[in-house]
Each structure stands twice: as structure tokens, then as C-alpha cells.
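S.K.: Predicted model follows, preceded by the sequence.
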There are 2 protein chains.
Amino acid sequence: MFDRQSPVPMYYQIEQYIEQLIENKNLQAGDQIPSERELTDHFHVSRMTVRQAIMELVNAGILVRIKGKGTFVANHYKIEKNLLGLDGFSEDMIRRGMTPGSQILDFSRTLPSSNVSKHLGLKTSEEVFEIKRVRLANDEPIGIEISYLPVRVFPELTEKKADPSLYQYIEKECGLKIHHAEQSLEASLVTNEEAEILKIPNGSPLLLIERCSFLESGQPIEQTLSLFRADRYKFTITLPRG
Amino acid sequence: MFDRQSPVPMYYQIEQYIEQLIENKNLQAGDQIPSERELTDHFHVSRMTVRQAIMELVNAGILVRIKGKGTFVANHYKIEKNLLGLDGFSEDMIRRGMTPGSQILDFSRTLPSSNVSKHLGLKTSEEVFEIKRVRLANDEPIGIEISYLPVRVFPELTEKKADPSLYQYIEKECGLKIHHAEQSLEASLVTNEEAEILKIPNGSPLLLIERCSFLESGQPIEQTLSLFRADRYKFTITLPRG
DNA sequence: CATATATAGTTGTCTAGACATCTATATATA
DNA sequence: TATATATAGATGTCTAGACAACTATATATG
């Protein structure tokens, strides 16, 4: 179970051991974990090594230290860990327990609007791929998504690769790591064309989400406009205070 | 500047020193900070002490360590620090550069609906304060807010204390610390009554935000339903990936 | 009984090293 | 010239202690 010869550092092995105690419910929220001295004896490592393991779990919001008393399992460690989720559509639907689906309406290579080129930081002559899709949840239309990606960044992009999951293509196939996204949410009304695609009455409300994704370097690499049926889609999020 | 006799631990003094280098632009995003060895010599402390200072700044998203190369100022440390904001209405408006305002439509003490009592974890007989307000931005109506607070938790609440900032009352006057909130956002249409209050046409879209605030203990203490004019209010947020 | 005081156990801070691993550069070799 | 090899310098992991500060309990004292 614990291997001093392993390339996996001891502090990390201890970290995983404590996390497993919590997962297995051997330790529950509010419980005190073994003291640093006890862990030192158990694993035959120095106290600083034990402290490194505990420190990482504290930083992850899983443990809470109280000076003079001990170290305890945090009350809300799941919230801290699973705070929110910058998800693509497919991930989002799976998290909601639904089956995601997709139908491509349009895949083309064009010059972007000024709004899109501004968000993506492109020169006026730079082309983008535009992907317009109907998004399905359990085979029913739930929203329309229009995504824009710079051709320069994704020269190999094809219709097949882009669907169903753009995030998967970007992260798995291109090896790019999305760092964060800026999102805005607002309410709107369907146009006639959109109403027909989504099979809802004219004048129905829509939740309009605009998302721009960035790499760690700060370079924007994707913009997506999503139009969700208000009767089928609600955006939820847990926000920390302060 | 640096005091070994101070009760402020050395690692924290070093932490503040590095943070100030960044604030003063002596170090900019992407710059390499002095190596652990250099800081050890500079402050006459052991390397583990320097490492603790750096570790904390890394965990705060301010620094990035690269093995074999060095430690660098993160590109987006402001995003990490200022990720989002669980704001009350007043704070939100100020952040947007507008002047918040408020008109109370109703302040009463009632039995809550089943939806509210479920969210607040109340027994069927427990009363709540209900506060209904028109929210103004630069003196124009921008939304309607209906807040619910358990009487048991806030027995002293009055109309005056609740307005204009409920969060301020909870945190400053009651000394309770809001830990996080669960929020949902969806699109909707105004009712006739709401349209009149907000001075917008019938059938206009609204952004409907439901918020439930919790203490660190997990106890829910406040629920607020907000109805914002879609033409005046857009919800923005920066989400980290992974 | 109530109040100090000692004591044990916990986390907090810090030391002065050690060897490993990774990056980048300079140097020697084919 | 191109390819190995050595080297310097950086972070990564770890040790075996030390004393300080805080909490809670047990004990002695008034």
C-alpha cells in the first residue's frame, strides 16, 4: 500500500490515504483526523512530510486545521472541490443526468463579425470557423449554439472533429488546456427562425449565454453563443462569499 | 522592515514582501522572482521558511513554480483573486459603476411557501420575514427582489435595517459571515403586475435569479428571488476550468 | 466549591542540512 | 557540424529535531 521506493512521493501517498478515509466514510464531516504525531509514527516519515500532505488537503478545502485542537474534515469539502463547473454542453448535460445530442446546422470558414473578432483578439483579415448546432437533451431540442474558433489556432478543424464536443477536441486532440472562461447570461426572446428550430412558440423567452474561453497565457481561443429554451434550461452555480 | 522579534512569522513577512514587489510593478506578470537560495540569503532564514512563503502565494494563484526553471508571477493572478463575486444588489451595482437604489413595496412576517421553507430548512410552523423591493440603478427601476429570512435567526429585523443592503445588515450588524450561496438563473416573461412596476411592456423578457445563502456551518439563512429587466441587466462571471 | 496552576496533547514556526530531478548552458567528442 | 557529456542552478522531496502557542483536562490551592 505504501511504498517508499515508489516515485510517488510519500506526502502524496499520505494525502491519498486521508482522502480515501473520507471517501469510504471512515471519516465524516467534522471528524478529527489522526494527529500529526500519529501519522508520523504510522508512516515512519518526518513530521514535515505529514504536514505537507495535510497542508495540501487544507488548501483543497478538504481539511480544516485548528491550532491546539487538531485537524478536522471540512463541513463542505464537496462544495469547495466541485464549486462550479466550466463545462461544455456535453459535460453539462451529463452532469444533469441527461443524454446530450447535437445536429450541425452549419460549418463554415468566414470572416468574423466585429464583436467576435474583438473578443477573440483577431485582426480584421483573420478567418474563423463558425459552427452552428442544435443541441439536444434526451433527443429533444434544448438550445442553439454558435461557436467561433480562429483558423490560425485550429487549422485542422473539421465538421467531424468539432462535434459533438468542442472542448474535448480542444483539450484531448489539440492538447490545449482551457484555463478559464468569461461568461455572460441574459434573458431574451426567440426570433421566428429560432422558434422553428427549437419547436417553441413565437415570443418564448430564451436564456442567452455568451462564453469566451482562454488559455493560461490569456489568449482567447473560442467564443460560443448559446440560446437555451427557458422552459428546459436553468443555469445553476455555487458562489463563495468574500 | 523585517523583524525577527515580531510575532508576525517570517514566512508571512516574506510573503508580503513578494506581494508588494508585484503591486509596485517591480515584478510583472511572467517575471521570475528571486530563487529560493537568493531569498534564503537575503532574509537569513532557512530554505523551508522561504518555501512556505512561496507555497502560500502559489496556492493563492499569485505565483507559478516551474521545476528546474524557477518561480514566476502568474499571468492572471487578478482573475484568481477576484474570480467572481457573490454580491448583494448594492455591491453589484457599485461594481458596475452605477448608483443603487431601493423602494420597499412590502415588509411582512408570514408563513413561507413550501418552496421557501424547503430551501431554508424550516418547519411548517416557522415564520419568515418577507421583503419585497423595487431595485433601482441610477434612479431607474431595474428589477424586483423578494427576500425571505427566518424570524428565528433575525428576530430584530425591521424594515429600516433591511434596506438598502440586506447583506450589510447580516454581516455587519448581526456579525454572521455568509460563506457561500447557491444561485440559479433562468429566463422568463413579465407578468402584468411586474411590467407595471418595472415600467416595461407586457411580454418583455426577464432574467430570474434565485439565490440561497449559507453560513459556514451549512445553515441556510436567506433566500432571494430577483427579477431583472433583460434590457438593462446582464449577469457576468469568470469561471476557472478543471 | 471555585479558582489558579500544572500538564499533556495539539498545531505553528523554524533550522541546517541531504539527495533527487529537471532545465539550460557550456564543453568535449565523434 | 552535430551529438554526447559535464556542469551549474533551479525546484522537489525529506529528515530529525527544536521551541512557541493554543486547548483542554487534571490537580492543587484558597
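M.R.: Okay, I see it. Residues are numbered from 1 along each chain as shown, chains lettered A, B, ... in the order given.
S.K.: Show me which residues of chain A are close to DNA strand D?
M.R.: Residues of chain A found near DNA strand D (CB under 7 Å from any atom of the strand) are A:9-12, A:44-49, A:52, A:66-69. Placement of C-beta: from N, CA and C, glycine included.
S.K.: try 10 Å this time
M.R.: Within chain A, the residues that sit near DNA strand D (CB under 10 Å from any atom of the strand) are A:3-4, A:6-15, A:36, A:40, A:43-53, A:56, A:66-70.
S.K.: Quick check on those: which are buried?
M.R.: Applying 16 or more other CB atoms under 10 Å in any protein chain shown to the residues of chain A next to DNA strand D, the neighbour count classes A:10-11, A:13-15, A:36, A:40, A:43, A:45, A:49-53, A:56 as buried.
S.K.: Give me every residue in contact with stretch A:32-47, excluding its own residues.
M.R.: For stretch A:32-47, contacts defined as CB atoms under 8 Å, 6 or more residues apart in numbering or on different chains pick out A:2, A:10-11, A:13-14, A:18, A:21, A:27, A:49-51, A:53-54, A:63, A:69-73.
S.K.: Same check on stretch A:110-119?
M.R.: Residues from elsewhere that reach stretch A:110-119, judged by CB under 8 Å, 6+ apart: A:120, A:122-128, A:130, A:148, A:212, A:220, A:223.
S.K.: so who does residue A:219 touch?
M.R.: Contact partners of residue A:219, counting by CB under 8 Å, 6+ apart, are residue A:121.
S.K.: That one and residue B:69, how far apart?
M.R.: Relative to residue B:69, residue A:219 is positioned 21 Å away (CB to CB, to the nearest Å).
S.K.: Just say helix, strand or coil for the residue sitting furthest away from the middle of chain A.
M.R.: Computed with CA atoms, centre = their mean, the maximum C-alpha offset from the centroid of chain A is found at residue A:41, amounting to 39.2 Å. Secondary structure assignment for residue A:41 (DSSP: H, G, I helix; E, B strand; the rest coil): helix.
S.K.: Residue A:35 versus that one, what's the distance?
M.R.: According to CB to CB, residue A:41 stands 10 Å off from residue A:35.
S.K.: Residue A:62 now?
M.R.: Separation of residue A:62 from residue A:35 (CB to CB): 17 Å.
S.K.: Compare these two (neighbour count), which wins?
M.R.: Set residue A:62 next to residue A:35 and count neighbours by other CB atoms under 10 Å in any protein chain shown: residue A:62 wins out with 19 against 12.
S.K.: Need the phi and psi values for that one.
M.R.: phi -90, psi -30 (degrees, to the nearest 10).
S.K.: Tell me where the model's unsure across chain A.
M.R.: Within chain A, the ranges that satisfy pLDDT under 70 run A:76-85, A:242.
S.K.: what kind of secondary structure is the residue of it found nearest DNA strand D in?
M.R.: Residue nearest to DNA strand D within chain A (CB to the nearest atom of the strand): residue A:68, separated by 2.5 Å. With three-state DSSP as the basis, residue A:68 sits in coil.
S.K.: quick one: it from residue A:35, how far?
M.R.: Separation of residue A:68 from residue A:35 (CB to CB): 12 Å.
S.K.: just to revisit the earlier point, the contacts of stretch A:32-47 in helices, which ones?
M.R.: Here DSSP state H is the test, and these give A:10-11, A:13-14, A:18, A:21, A:49-51, A:53-54 as lying in helices.
S.K.: what's the closest of those to DNA strand C?
M.R.: residue A:51 (6.1 Å).
S.K.: got the contact list for the closest one?
M.R.: residue A:36.
S.K.: Please apply the same query to residue A:146.
M.R.: Residues near residue A:146 by CB under 8 Å, 6+ apart: A:130-133, A:224-225.
S.K.: Any part of stretch A:40-53 near DNA strand C?
M.R.: Yes - interface with DNA strand C: stretch A:40-53 contributes A:40, A:46-48, A:50-51 (CB under 10 Å from any atom of the strand).
S.K.: of the residues you listed, closest to chain B?
M.R.: Distance to chain B, by CB to the nearest CB, is smallest for residue A:48 among those, at 7.2 Å.
S.K.: The closest one - nearest residue in space that isn't next to it in sequence?
M.R.: Nearest non-adjacent residue to residue A:48, counting by CB to CB, 6 or more residues apart in numbering or on different chains: residue B:48, 7.2 Å away.
S.K.: could you pick out which of the contacts of residue A:146 are near DNA strand C?
M.R.: Counting by CB under 10 Å from any atom of the strand, nothing from the contacts of residue A:146 sits close to DNA strand C.
S.K.: Out of these, grab the one that's most surrounded.
M.R.: Top of the contacts of residue A:146 by neighbour count (other CB under 10 Å): residue A:133, with 24 neighbours.
S.K.: can you tell me how far that one sits from residue A:113?
M.R.: 18 Å.
S.K.: and what of residue A:183?
M.R.: Distance of residue A:183 to residue A:113, given as CB to CB: 19 Å.
S.K.: the more surrounded of those two?
M.R.: Using other CB under 10 Å, the more surrounded residue of residue A:183 and residue A:113 is residue A:183, with 20 against 12.
S.K.: what pairs with residue A:178 across the strands?
M.R.: Judged by DSSP bridges, the bridge partners of residue A:178 are residue A:215.
S.K.: Run the chain-centre distance for the helix or strand containing residue A:236.
M.R.: Assigned by DSSP states H and E, residue A:236 falls within strand A:235-240. Strand A:235-240 has its average C-alpha position 13 Å from the chain's average C-alpha position, going by CA atoms, centre = their mean, to the nearest Å.
S.K.: Give me the sheet partners of it and which way each runs.
M.R.: Assessed with DSSP bridges, strand A:235-240 is paired to strand B:178-189 (antiparallel).
S.K.: All the strands of chain A, in order from the start?
M.R.: Using DSSP state E, the strands of chain A run over A:63-66, A:70-73, A:100-110, A:128-137, A:140-150, A:178-189, A:205-215, A:220-229, A:235-240.
S.K.: The fourth one pairs with which strands?
M.R.: Same thing as strand A:128-137. Here, using DSSP bridges, strand A:128-137 pairs with strand A:100-110 (antiparallel), strand A:140-150 (antiparallel).
S.K.: How about the contacts made by the closest residue to residue A:53 other than its chain neighbours?
M.R.: Distances taken as CB to CB, 6+ apart place residue A:14 nearest to residue A:53, at 3.9 Å, with adjacent residues excluded. Contacts for residue A:14 (CB under 8 Å, 6+ apart) come out as A:39, A:43, A:45, A:49-50, A:53.
S.K.: Distance of residue A:14 relative to residue A:31?
M.R.: Distance of residue A:14 to residue A:31, given as CB to CB: 17 Å.
S.K.: Just give the nearest non-adjacent residue to the residue most central in space within chain A, would you?
M.R.: By CA atoms, centre = their mean, chain A has its centre lying nearest to residue A:86, at 3.0 Å. In this structure, residue A:86 finds its nearest non-sequential neighbour in residue B:239, 4.0 Å apart by CB to CB, 6+ apart.
S.K.: which residues does that neighbour form a beta bridge with?
M.R.: With DSSP bridges as the rule, residue B:239 is bridged to residue A:181.
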